[in-house]
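[1] What would the 3D arrangement of this be:
(2 chains)
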Amino acid sequence: MNSLLVKIGRGVGGVVGTLYQAGRDTVDTVIKNIIPFMAFISFIIGLVLVTGVGDLIANGIKGLAGSLVGLLIVSVVCAIPLLSPLLGPGAVIAQVVGTLLGVEIGKGTIPPQYALPALFAINPQVGCDFIPVGLALGEAEPETVEVGVPAVLFSRLITGPTAVVIAYFASFGMYS
Amino acid sequence: MNLFTDATVAEPEGAWGAVAAGAEYFIGIFQEGGNVLWSLMGGILPTLVVLLTAVNALVRIIGPEKIENLGRKAAQPGLIWYPVRYMVLPFLAVFFLTNPMAYTMGRFLPERFKPAFYDSAVSFVHPITGLFPHANPGELFVYLGIAAGITQLGYGLGDLAIRFLLVGLVVIFIRGIVTELITKRMMAKREGAAA
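    Numbering: from 1, shown residues only, chains lettered A, B, ... in the order given. The predicted model follows:
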């Protein structure tokens, strides 16, 4: 009888502890990662909405993000092997561009169905700055890293635009 | 008796007026930014906190080490294992281990698959955030930024989130295959040069 009670107590304690720890982890990431980025993004949106910068950017973006060809150009530029590692870190550039595009979609400058291909067009550089570390996490040999870095970078030149085309066709029927 | 009922304050004019207008314009930028921040914190943040907590707890209860067996299986050659290696494994790795620990799953694969697996897994850390933001909480705004525009137009986000996830799966599959081919070629060339 006693041991049963202990067992139940332990089980419940374990579950509650897990949930509590999960909450603690969440609040940690929210404070350390999410809210700081929200503050940064809010400032940029404020700047874009109030100043004329928004209209300037809008004109530039409209031509690029409002058509398949424009999106393909963006994706190829972001996938250039020399540029992609520079554009990658923290996905900051992808996040800022994503936010700017979001503002333009909200204003109606860019049709909403372009949201999906745009998500891929602005992001062919994802993780290109992190290849050696990522491979090291996978316990790759130094020789693999030497081959792997250029392999991934060149692969992106092909798969970056491919992703945009797939997303373009997958966006048919969305928000129209 | 109120002496001030008829009192009016003249609009600032001239140089001071310009300065005052400039100051208003300046502070307006931050007021607008503040409004955006407030709507983000009041809008998506509470949902996000609850969702993250639930999924974090789920991952802890299931235990991320469970997917290691799948990692070992995915190492096998053969056409059948391609979708496992470059779709299922990256999905589960990113879901359970999150960015950046997901890439540690590469350790179960032979060297020639490692760059392709990394490429595949890292390309999934944004498509997954539409439905499962816990996997990459530091880089949510690639999706959320664009999604904000859709919300503003009054559409629901479910359609975009699910399509982003599905297209993401197709893309990482293609990326895995292409990068594996390129890696194979480069490794062969290198061995040829060494011999």
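[2] Now do the lowest-mean-pLDDT helix or strand in chain A: distance to the chain's middle.
    Using mean pLDDT, DSSP states H and E, helix A:53-65 stands out as the lowest-scoring helix or strand of chain A, at a mean of 73. In terms of C-alpha atoms, centre = their mean, to the nearest Å, the gap separating the centre of helix A:53-65 from the centre of its chain is 21 Å.
[3] I'd like to know which elements that helix is packed against.
    Under the contact criterion of 3 or more C-beta pairs under 8 Å, 6 or more residues apart in numbering or on different chains; DSSP states H and E, the helices and strands touching helix A:53-65 comprise helix A:35-50, helix A:68-79, helix A:92-107. Where C-beta positions appear, they are placed from N, C-alpha and C, glycine not excepted.
[4] what distance separates the second one from the middle of the whole chain?
    I take that to be helix A:68-79. On the basis of C-alpha atoms, centre = their mean, helix A:68-79 is displaced by 16 Å from the centre of the chain it belongs to.
[5] Tell me how far the residue most central in space within chain B lies from chain A.
    Central residue check for chain B by C-alpha atoms, centre = their mean: the C-alpha nearest the mean position is that of B:His126, 3.2 Å away. From B:His126 over to chain A the distance is 6 Å, taken as C-beta to the nearest C-beta, to the nearest Å.
[6] which residues sit against the least confident helix or strand of chain A?
    Applying C-beta atoms under 8 Å, 6 or more residues apart in numbering or on different chains, the set of residues contacting helix A:53-65 from outside is A:47-48, A:70-71, A:73-74, A:100-101, A:103-104, A:107, A:109-110, A:114, A:118, A:121.
[7] Give me the neighbour count for residue 32.
    Chain wasn't specified; assuming chain A. Per other C-beta atoms under 10 Å in any protein chain shown, the neighbour tally for A:Lys32 reads 11.
[8] that's the other chain; I wanted chain B
    The criterion is other C-beta under 10 Å. On that basis, B:Glu32 has 19 neighbouring residues.
[9] quick one: pLDDT of it?
    The predicted local distance difference test score for B:Glu32 is 87.
[10] do the same with B:Met187
    In this prediction, B:Met187 carries a pLDDT score of 86.
[11] So what does A:Gly13 have for phi and psi?
    In this entry, A:Gly13 is assigned phi and psi values of phi -60, psi -40 (degrees, to the nearest 10).
[12] and the helices and strands packed on helix A:53-65, which is most packed in?
    Between those, the one whose residues have the most neighbours on average, counting mean count of other C-beta atoms under 10 Å in any protein chain shown, is helix A:92-107 (a mean of 23).
[13] OK, contacts around B:Val55?
    If a contact means C-beta under 8 Å, 6+ apart, then B:Val55 has B:Phe132, B:His134 as its contacts.
[14] and the helix or strand hosting it with helix A:35-50, angle?
    If you go by DSSP states H and E, B:Val55 is part of helix B:45-62. Direction vectors for helix B:45-62 and helix A:35-50, defined by axes from the mean of the first three to the mean of the last three C-alpha atoms, to 10 degrees, enclose an angle of 150 degrees.
[15] buried stuff in helix B:45-62?
    B:Leu48, B:Val49, B:Leu51, B:Leu52, B:Thr53, B:Val55, B:Asn56, B:Ala57, B:Val59, B:Arg60 (16 or more other C-beta atoms under 10 Å in any protein chain shown).
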